[in-house]
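Q: Just a sequence and a predicted model for now, questions to come.
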Amino acid sequence: MLYSRLYKRSLHRPSCSLNKGMLQEEAVTGHMSKLLFLCIAVLSSTVAAPPAMAASVCPPDKDSCVIDTKNAKSGIVYGGRLKPQKPDLEDVFGVSIALDSHTMAISAPWDSEKAYRAGAVYIFTKTGKTWKQTAKLLPAKPVAKAMFGSSMDIAGDTLVIGAPGERDDKLISAGAAYIYKNKGNDWTLHSRIVSEDILAGDMFGSAVTLAGKDVIVGAHLEDAKGIDSGAVYIFRESADAYRQVAKMEPKELRSGTLFGNIVDATGDVLWAPSWQPACKRRRTRGKCKRHRNQYL
């Protein structure tokens with residue numbers, strides 16, 4: 001069961017990212033099964049309204065992404081197949097996608113170049129009608145099973161990448177998030193952020209999104225309100241540094257709600273669902289009856 005909570009202030013694109021102020025219908029209705037593999041992407045700004053959109057499909061059992069035409073009458077042209085320069089089937093290339101204008105980031109969270117499943121993110125840049133790989137980003141702390149690139153978001157010259165399996169000191173799977181800045185077509189690491197109260201198993205960085213000067217990070221296995229209740233953290237850029245300014249833990253959270261597994265923001269609204277781990281103790285014909293609630 002899905003609870004939707006809208007916060008005043010700060011739309012991560014669940015797994016897929018689109019910096020166009022759009023929220024996929026699946027996220028609103030709570031149907032999450034398609035979000036991992038389908039990202040609606042604006043490929044051309046010259047097409048008249050309604051905006052031209054196409055699907056970037058990246059199944060994790062393949063080594064490439066396909067930018068394909070949604071409607072032949074929309075004016076969209078086939079974008080081609082994207083894959084890393086050295087593809088490896090086990091890297092699960094394409095689990096997460098972030099797109100902004102002529103820059104696309106595609107993750108391979110099981111990439112093992114630096115450590116077993118430490119992860120990697122590939123940067124593709126569009127020149128004319130061609131997408132070309134221009135960079136490969138690797139985690140600053142390459143540890144096994146860090147899954148760098150499990151979540152991403154991009155806006156302008158800022159890219160945030162989650163590594164929820166990363167070890168922080170001796171804290172296994174505490175997680176981290178990395179912020180990159182683009183300077184002259186060179187993506188360089190700006191900051192590595194973790195929560196102030198990070199603990200082993202929090203999976204900080206399981207979801208990330210950008211909202212203006214804010215970076216919003218989910219830690220869906222944080223335990224403050226119960227085992228795996230979850231939490232969402234807000235970091236704000238000030239004086240060229242990112243500092244934690246808020247931690248959100250709704251009073252309704254309890255064990256297993258996984259709050260922060262998905263986060264999204266647009267304008268002054270932050271959307272973060274939590275899950276109902278077990279139905280209430282009302283029974284109908286001997287079966288447990290579930291209740292759906294919506295929080296605003």
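A: Noted; the coordinates are in hand. Numbering: from 1, shown residues only.
Q: any idea how far residue 180 is from residue 267?
A: Residue 180 sits 24 Å away from residue 267, going by C-beta to C-beta, to the nearest Å. Quick note: C-beta positions are derived from backbone N, CA and C, even for glycine.
Q: go on, residue 128?
A: Distance from residue 128 to residue 267, by C-beta to C-beta: 33 Å.
Q: ok so, going back, tell me which of residue 180 and residue 267 has more neighbours.
A: residue 180 (22 against 12; other C-beta atoms under 10 Å).
Q: hang on, that one packs against residue 156?
A: No. Residue 180 lies out of contact with residue 156 (C-beta atoms under 8 Å); the separation is 11.7 Å.
Q: OK, contacts around residue 253?
A: Applying C-beta atoms under 8 Å, 6 or more residues apart in numbering, we find residue 253 in contact with 225-226, 229-230, 259, 274.
Q: so it is in which element?
A: Assigned by DSSP states H and E, residue 253 falls within no helix or strand.
Q: Spatially nearest residue to it (excluding sequence neighbours)?
A: residue 225 (3.9 Å; C-beta to C-beta, 6 or more residues apart in numbering).
Q: again, but for residue 205
A: residue 162 (3.1 Å).
Q: List the buried residues of the host helix or strand of that neighbour.
A: Element membership of residue 162, judged by DSSP H and E, is strand 158-163. Using 16 or more other C-beta atoms under 10 Å as the test for burial, strand 158-163 gives 158-163.
Q: show me where pLDDT drops low in the stretch 1-150 of the chain?
A: 1-80 (pLDDT under 70).
Q: one more time with 80, if that's ok
A: For the stretch 1-150 of the chain, the stretches flagged by pLDDT under 80 are 1-81, 87, 89, 129.
Q: Residues contacting stretch 174-181, please?
A: 137, 139-141, 146, 148, 157-168, 187-194, 198-206, 208, 215, 217, 219, 242.
Q: before we move on, what about stretch 187-201?
A: By C-beta under 8 Å, 6+ apart, stretch 187-201 touches 123, 135, 137, 140-141, 159, 168, 170-181, 202, 204, 215, 217, 219, 221-224, 231, 233, 235, 241-242, 244, 247.
Q: residues contacting the residue nearest to residue 253?
A: Counting by C-beta under 8 Å, 6+ apart, residue 225 has contacts 231, 249, 253-255, 257.
Q: buried subset of the residues you listed?
A: 231, 249, 253-254, 257.
Q: Report the two of the residues you listed separated the most.
A: Of all pairs drawn from the buried ones among the contacts of residue 225, the greatest distance, 12.8 Å, lies between 231 and 254 (C-beta to C-beta).
Q: What ranges does the protein have for its helices?
A: Assigned by DSSP state H, the helices in the chain fall at 25-29.
Q: Next, work out how far apart the closest residue to residue 171 other than its chain neighbours and residue 175 are.
A: In space, residue 171 comes closest to residue 200 once its chain neighbours are excluded; the distance is 4.1 Å by C-beta to C-beta, 6+ apart. Separation of residue 200 from residue 175 (C-beta to C-beta): 10 Å.
Q: which of these two has more neighbours?
A: In terms of neighbours (other C-beta under 10 Å), residue 175 is the more surrounded of residue 200 and residue 175; the figures are 32 against 16.
Q: If I look at the more buried one, what pLDDT would I see?
A: Looking at residue 175, its pLDDT stands at 95.
Q: Provide the partner residues of it in its beta bridges.
A: residue 204 (DSSP bridges).
Q: distance of it from residue 276?
A: 24 Å.
Q: rewinding a little: give me the mean pLDDT for the strand holding residue 162.
A: The model assigns strand 158-163 a mean pLDDT of 97.
Q: Can you name the residues in contact with it?
A: 98, 105, 107, 119, 121, 137, 139, 146-154, 175-182, 187, 204-210, 215, 217.
Q: Give me the buried subset of those.
A: 98, 105, 107, 119, 121, 137, 139, 146-154, 175-180, 182, 187, 204-210, 215, 217.
Q: thought residue 113 was touching residue 121?
A: No. Counting by C-beta under 8 Å, residue 113 sits too far from residue 121 to count as a contact (11.8 Å).
Q: quick one: contacts for residue 150?
A: Counted by C-beta under 8 Å, 6+ apart, residue 150 has contacts 95-96, 107, 109, 119, 162-165, 205-206.
Q: number of nearby residues for residue 87?
A: 12.
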